[in-house]
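> any chance you could fold what I've pasted below:
(2 chains)
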Protein chains: 2
Amino acid sequence: MPRKAQAPPPRYRKHVFVCVHERAADDARGCCAAKGSPALRDHMRQRAKELGLSDVRINRAGCLDACETGPTVVVYPEGVWYRCATKEDADEIVLVHLQDDGRVLRLMLDREEADG
Amino acid sequence: MPRKAQAPPPRYRKHVFVCVHERAADDARGCCAAKGSPALRDHMRQRAKELGLSDVRINRAGCLDACETGPTVVVYPEGVWYRCATKEDADEIVLVHLQDDGRVLRLMLDREEADG
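Alright, predicted model coming up:
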């Protein structure tokens, strides 16, 4: 019996996870929730809906371990990580990445490694 | 200015999202949380740790919209969806998929489409 099946069709063209993890107020790492990520996720979801992006899903997620640079967002299947701190950031990620499959270079984490 | 950067190196070889969404007890769709998904996620995480899979992350996620067939798990970057209902299911996903990059056919959602 084969251990790998043919790849099933993707359920979502873009599947976004927004960290909404909350840490104690005195935690040195900070947390995405305290930086407004739950509202940013709701905003991103609303924008995607307004644009008719029915093949995109925007989920809440637990700690993505990028607390210091958060609010953190990762877009799969490509695995692009972003810092998304404002509604304008969220709008740009929705338009450029989720709608047009581009990349928002100014918000990308790990970009130095990619360019280097 | 280019809209796409070269793809950054992946932060995780496998990034797993386990739905821990909770619905009201009388919700007709049911929910993953009521079927034990938070404990299954903790178990999966512990097993991955025991196996030394330091390049794997296992996160909680909001509703993955597969409530009826849950507890639901999705593994990125490949986007393979599983029903993970027991600790034995979780163990098999960790060993076969996360460690060995195989597929647990008996637990895969969307498999009919893949085989068809």
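> which residue is nearest the centroid of chain A?
The C-alpha lying nearest the average C-alpha coordinate of chain A belongs to residue A:73 (C-alpha atoms, centre = their mean; 2.6 Å).
> tell me if that one really is in a strand.
Yes - assigned with DSSP: H, G, I helix; E, B strand; the rest coil, residue A:73 falls within a strand.
> ok, it touching residue A:92?
No - counting by C-beta atoms under 8 Å, residue A:73 stays clear of residue A:92, with 11.4 Å between them. Every C-beta, even on glycine, is put in place using the N, C-alpha and C of the backbone.
> what comes up buried for stretch A:16-30?
Using 16 or more other C-beta atoms under 10 Å in any protein chain shown as the test for burial, stretch A:16-30 gives A:16, A:17, A:18, A:19, A:20, A:21.
> closest one to chain B out of those, please.
Nearest to chain B among the buried residues of stretch A:16-30: residue A:17, at 6.5 Å, using C-beta to the nearest C-beta.
> that closest one: what's it in contact with?
Applying C-beta atoms under 8 Å, 6 or more residues apart in numbering or on different chains to residue A:17 gives the contacts A:59, A:60, A:61, A:64, A:73, A:74, A:76, B:17, B:59, B:61.
> ok, the first one - how many residues close by?
Yep, that's residue A:59 we're talking about. For residue A:59, the neighbour count with other C-beta atoms under 10 Å in any protein chain shown is 22.
> next: the last one.
In terms of burial, residue B:61 registers 23 neighbours under the definition other C-beta under 10 Å.
> that one against residue B:32, yeah?
No - under the criterion of C-beta under 8 Å, residue B:61 is not in contact with residue B:32, lying 9.3 Å apart.
> what is in contact with the two at once?
Taking C-beta under 8 Å, 6+ apart as the contact rule, residue B:61 and residue B:32 both touch B:18, B:19, B:20, B:21.
> okay, the buried residues of stretch A:16-30 in CSV with secondary structure and pLDDT next?
Shown next, in CSV, are the buried residues of stretch A:16-30 (DSSP: H, G, I helix; E, B strand; the rest coil; pLDDT from 0 to 100):
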residue, secondary structure, pLDDT
A:16, strand, 98
A:17, strand, 98
A:18, strand, 98
A:19, strand, 97
A:20, coil, 97
A:21, coil, 95
